[in-house]
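S.K.: Provide a 3D model corresponding to the input given below.
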Amino acid sequence: MQVQVEDSGQEIKRLQRCMNDLVSLLALPAIWCGSEPLQIVQTLLDVLLNMLGLDFAYGRLSESFAATPVEILRAAEHSKINLPAQELRNMLGHALATYTQESLAQIQSRLGLDNISIFPALLGVQGEIGVIVVGSERVDFPSQTESLLLSVATNQASIGLQEVRLLSEQTRIARELDRRVAERTAELAEANEELRIAHAQVLRSEERWRSVFENSAVGVALTDLSGRFVATNPVYQKMLGYTEDELQQLTFLDITHEEDIENNRSLIRDLLDRKSPQFQIEKRYRRKDGQPVWVRNNVSVVPGTDWMPGFLMALSEDITQRKSSEEALSRARSDLAKVARITSLGVVTASIAHEVNQPLSGIITNAGTGLRMLSADPPNVDGARETIRRTLRDGNRAADVITRLRTLYSKKEPSRESMDLNAATQEVAALSLTELQAGRVVLRYELADDLPPVVGDRIQLQQVILNLLRNATDAMSTIEDRPRELLIRTERDEGNQVRLSVKDSGIGFAPQAADKIFDSFYTTKTDGMGMGLSISRSIIEAHEGRLWAAPNDGHGATFSIAIPGAPEDFAEAETPVNRDDRSTDAA
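M.R.: Numbers count the residues shown, from 1 in each chain. Okay, here's the model as predicted:
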């Protein structure tokens, strides 16, 4: 019986060690966030070397994945391998280029260690990213648990490397979009200039219409009431490629494009019936060589005399070039619209990544706390149960964030409820308690007792408050010459509004940057995305409120939000919300 108890204890310790290792591996993405592929592979090999007690660990990224070759070898100090690192790296890289069991046997032979266990792990589904090779002189390596840890580690590294490549591709696309927008803007400006010049030419032409018929700068044609040409000026003749004698054998409908004939005939009918004194039309003529030419015609009637019939007089201007410019302008606008849609998609992607990352951080923290409680002697089962409940709560919170983001970007109305802003703020502060304590932040409250309830989406508003608290904590992370004080204040604002302020004693910001800090992708953090404050302002404005920032008189800055209080009849009409499974009391 004593042996069974000892075996059970060893098994529990082994499982606890395995869980600790899994948590460490799951935390790796937070360590290498923003790192280059080389740094990710180096970190992974160092972790595996120490965690599994390996003799060596080797990593290589495929040429199709990395722009520059990445090939790294880590060997333990206790290793019996007596080959130079460069030779071992070359040997592993060559043998694994065409991976087989025979190639691994060759490596064992070259190392002079027949009993060394060599285990390859692919990066990517089929190794398209690269490969990790580990070796150990332990006969039972890798055990089932070690295989699991290797699988989790390579999966985490594959995800991290894919994210690095995705971020790099997004940056390249953003630069390409900026270049294309600049080009299209220049083309648009050029097209507008061409249109301006064309319009100025039209105005000058209208003045010249009063000059002598033959010297007119535009085409002028006279026809009888049946539409047959009587006289044309040189400009008109050149425009159509006919001589005057040839035109006198035709009517204006004979040289009109087939698709414009019926409309032209209808306008002439109205003109002759005196339903309109004149008309203007843009139409296509057929030149003598068969090519179409766009013209703008101003047509009116010249009254007849006792000895001469009336005439249809037409002033024609060639606008083919202007039509071409308008088509180019239309294409440029279409391309710009497409660029705007692609840019919006990138913003939405970045927003979702930023918002979901916060509750996931809580899940990892609670999981680590639960493991420590189970590792205690005796295990703190009640405490572990509570941390598991908070883990479930944060999981539900992540799901709520996804639901809210889908609502926000599908233009649906957010979930509105009446809430106590003080209580909602204290819930968020409780969630951040561990982080605040780790950052040596002294948290103080100045919460007004007479606040009216506010109406809004509880999850969205708490996301804003959480973002402000974390920004304040980050702003004080490098402060050593003064206390790291964080003050949360609530108070009534003008009208029926409620104000919440977060004041820190951190590094602050320049007054001229007060508006720029709310721009998308603007950040002063080395590992920041620049989306938190931009998203927060969008949420507050959707609640008919405002979010602003101001530097303090001394150190730090104060960020404030103001949102309307709930109407008196809102609480009576509101459906109660059950939050039993999503409480936010502090750990």
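S.K.: CA atoms only: put stretch 554-563 into CSV for me.
M.R.: Output of stretch 554-563 as CSV, limited to C-alpha atoms (Å, rounded to 0.1, in the frame of the first residue of the first chain):
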residue,chain,number,x,y,z
GLY,A,554,2.8,67.8,-12.2
HIS,A,555,3.7,64.3,-13.5
GLY,A,556,1.6,62.0,-15.6
ALA,A,557,-1.7,62.4,-17.4
THR,A,558,-5.5,62.1,-16.9
PHE,A,559,-7.8,60.3,-19.2
SER,A,560,-11.5,61.1,-18.9
ILE,A,561,-14.8,59.8,-20.3
ALA,A,562,-18.2,61.4,-20.0
ILE,A,563,-21.4,59.6,-20.9
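S.K.: select the longest strand from this protein.
M.R.: strand 292-302 (DSSP state E).
S.K.: and stretch 388-405, what's its mean pLDDT?
M.R.: Averaged across stretch 388-405, pLDDT comes to 74.
S.K.: elements contacting the longest strand of the chain?
M.R.: When contacts are defined as 3 or more C-beta pairs under 8 Å, 6 or more residues apart in numbering; DSSP states H and E, strand 292-302 packs onto helix 234-240, helix 261-272, strand 278-286, strand 311-318, helix 320-375. Every C-beta, even on glycine, is put in place using the N, C-alpha and C of the backbone.
S.K.: surely Pro379 meets Leu371?
M.R.: No - using C-beta atoms under 8 Å, Pro379 is not in contact with Leu371; the gap is 10.4 Å.
S.K.: endpoints of stretch 58-68, how far apart?
M.R.: Distance across stretch 58-68, first residue to last, is 17 Å (C-alpha to C-alpha, to the nearest Å).
S.K.: buried residues in that stretch?
M.R.: The neighbour-count check on stretch 58-68 (16 or more other C-beta atoms under 10 Å) flags Tyr58, Gly59, Arg60, Leu61, Phe65, Ala66 as buried.
S.K.: which of the residues you listed sits closest to Pro292?
M.R.: Nearest to Pro292, judged by C-beta to C-beta, of the buried residues of stretch 58-68 is Phe65 at 53.8 Å.
S.K.: still on that earlier bit, neighbour count: Pro379 and Leu371, which is higher?
M.R.: Leu371 (16 against 13; other C-beta atoms under 10 Å).
S.K.: now that one, nearest residue through space, not along the chain?
M.R.: Of all residues not flanking Leu371 in the chain, Met19 sits nearest, at 5.4 Å (C-beta to C-beta, 6 or more residues apart in numbering).
S.K.: the one you found: which element?
M.R.: helix 2-26 (DSSP states H and E).
S.K.: can you list the buried residues in that helix?
M.R.: Buried, per 16+ other C-beta under 10 Å, within helix 2-26: Met19, Asp21, Leu22, Ser24, Leu25, Leu26.
S.K.: in terms of secondary structure, what does that helix contact?
M.R.: helix 37-52, helix 144-208, helix 320-375.
S.K.: quick one: strands adjacent to the helix or strand that comes right after the shortest one?
M.R.: Per DSSP H and E, the first helix or strand lying C-terminal to helix 37-52 is strand 56-61. Based on DSSP bridges, the strands next to strand 56-61 in the sheet, each with its direction, are strand 70-75 (antiparallel), strand 130-136 (antiparallel).
S.K.: okay, these, which one's buried deepest?
M.R.: strand 130-136 (a mean of 24; mean count of other C-beta atoms under 10 Å).
S.K.: got the angle for it vs helix 144-208?
M.R.: Using axes from the mean of the first three to the mean of the last three C-alpha atoms, to 10 degrees, the inter-axis angle of strand 130-136 relative to helix 144-208 is 160 degrees.
S.K.: tell me the mean pLDDT for strand 130-136?
M.R.: On average, strand 130-136 scores 85.
S.K.: which outside residues touch that strand?
M.R.: Applying C-beta atoms under 8 Å, 6 or more residues apart in numbering, the set of residues contacting strand 130-136 from outside is 41, 44-45, 48, 52-62, 65-66, 70, 92, 96, 99, 116-124, 142, 150, 153-154, 157, 161.
S.K.: mind checking which of those are buried?
M.R.: Applying 16+ other C-beta under 10 Å to the contacts of strand 130-136 flags 41, 44-45, 48, 52, 54-61, 65-66, 70, 92, 96, 116-124, 142, 150, 153-154, 157, 161 as buried.
S.K.: domain assignment for the protein?
M.R.: 2-169, 211-318, 413-582 (automatic domain parsing).
S.K.: need those in CSV with distance to Leu188, can you?
M.R.: Below are the domains of the chain laid out as CSV (distance: least, C-beta to C-beta, whole Å):
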stretch, distance to Leu188
domain 2-169, 28
domain 211-318, 21
domain 413-582, 24
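S.K.: and those: which comes nearest Gly362?
M.R.: Judging these by C-beta to C-beta, what sits closest to Gly362 is domain 413-582, at 6.5 Å.
S.K.: centre of the chain to that closest one, how far?
M.R.: 23 Å (C-alpha atoms, centre = their mean, to the nearest Å).
S.K.: now stretch 163-172
M.R.: With C-alpha atoms, centre = their mean, you get 11 Å for stretch 163-172.
S.K.: please renumber the chain so that the first residue is 144 from this point on.
M.R.: In the new numbering, first residue 144, that becomes stretch 306-315.
S.K.: buried residues, that stretch. List them.
M.R.: Neighbour-count burial for stretch 306-315 flags Glu306, Val307 (criterion: 16+ other C-beta under 10 Å).
S.K.: where in the stretch 344-493 of the chain is pLDDT low?
M.R.: 348-355, 446-451, 453-455, 458, 472-493 (pLDDT under 70).
S.K.: any idea which of the helices and strands packed on helix 145-169 is most buried?
M.R.: Comparing the helices and strands packed on helix 145-169 by mean count of other C-beta under 10 Å gives helix 180-195 as most buried, with a mean of 20.
S.K.: what's the angle from that one to helix 145-169?
M.R.: In terms of direction (the same axes, to 10 degrees), helix 180-195 departs from helix 145-169 by 170 degrees.
S.K.: quick one: contacts of helix 180-195?
M.R.: Residues outside helix 180-195 that contact it (C-beta under 8 Å, 6+ apart): 164, 167-168, 171, 174-175, 178, 197, 199-202, 204, 208-209, 213, 215, 217, 219, 273, 275, 277, 279, 284-285, 289, 292-293, 296-297, 299-300, 303-304, 307-308.
S.K.: rewinding a little: ok, so of the buried residues of stretch 201-211, who is nearest Phe372?
M.R.: The closest of these, once distances to Phe372 are taken by C-beta to C-beta, is Phe208, at 72.7 Å.
S.K.: before we move on, back to that, quick one: pLDDT of the residue nearest to Leu514?
M.R.: pLDDT, Met162: 81.
S.K.: and Val641, by the same measure?
M.R.: 94.
S.K.: show me what contacts it?
M.R.: Val641 neighbours (C-beta under 8 Å, 6+ apart): Leu564, Leu594, Pro595, Val597, Thr633, Glu634, Arg635, Ala705, Ile706, Pro707, Gly708.
S.K.: what subset of those is buried?
M.R.: In the contacts of Val641, the ones that pass as buried (16+ other C-beta under 10 Å) are Leu564, Leu594, Pro595, Val597, Thr633, Glu634, Ala705, Ile706, Pro707, Gly708.
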